[in-house]
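[1] predicted coordinates and the sequence they were generated for:
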Amino acid sequence: DTLVMRGAESDLLSRATAHAMTQRGPKARVVEFAGVGHAPTLVAGDQLATVTSFLLA
């Protein structure tokens, strides 16, 4: 499985490109974090929960 994460405010990874990436990877899905720029720092609770649940699945 592949988790594609992007910040909703990213000026480098567009929503369209992130979704296109899901067509290329195995079982890929996009998670978008509101109010975040290009690289989520993964310190906010919702970000940690997303990554933790993905890794434990």
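    That came through fine.

[2] need the longest helix for the protein.
    Within the chain, and with DSSP state H defining each element, the longest helix by residue count is helix 45-56.

[3] how about it: buried residues?
    47, 50 (16 or more other Cβ atoms under 10 Å). Yep, even glycine has a C-beta here, placed from its N, CA and C like the rest.

[4] which strands and helices lie in contact with it?
    Judged by 3 or more Cβ pairs under 8 Å, 6 or more residues apart in numbering; DSSP states H and E, the packing partners of helix 45-56 are strand 2-7, strand 28-33.

[5] what's the angle from that helix to strand 28-33?
    Compare the direction of helix 45-56 with that of strand 28-33 by axes from the mean of the first three to the mean of the last three Cα atoms, to 10 degrees and you get 160 degrees.

[6] any idea of the mean pLDDT for helix 45-56?
    Averaging pLDDT along helix 45-56 yields 94.

[7] would you mind writing the CA trace of that helix as PDB?
    The C-alpha coordinates for helix 45-56 follow below in PDB (Å, rounded to 0.1, in the frame of the first residue of the first chain):
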ATOM      1  CA  GLY A  45      -2.700  14.900  16.100                       C
ATOM      2  CA  ASP A  46      -4.700  14.300  12.900                       C
ATOM      3  CA  GLN A  47      -1.500  13.900  11.000                       C
ATOM      4  CA  LEU A  48       0.000  11.400  13.500                       C
ATOM      5  CA  ALA A  49      -3.300   9.400  13.600                       C
ATOM      6  CA  THR A  50      -3.300   9.200   9.800                       C
ATOM      7  CA  VAL A  51       0.200   7.800   9.600                       C
ATOM      8  CA  THR A  52      -0.200   5.600  12.600                       C
ATOM      9  CA  SER A  53      -3.300   3.900  11.300                       C
ATOM     10  CA  PHE A  54      -1.700   3.500   7.900                       C
ATOM     11  CA  LEU A  55       1.400   1.800   9.300                       C
ATOM     12  CA  LEU A  56      -0.600  -0.500  11.600                       C
END
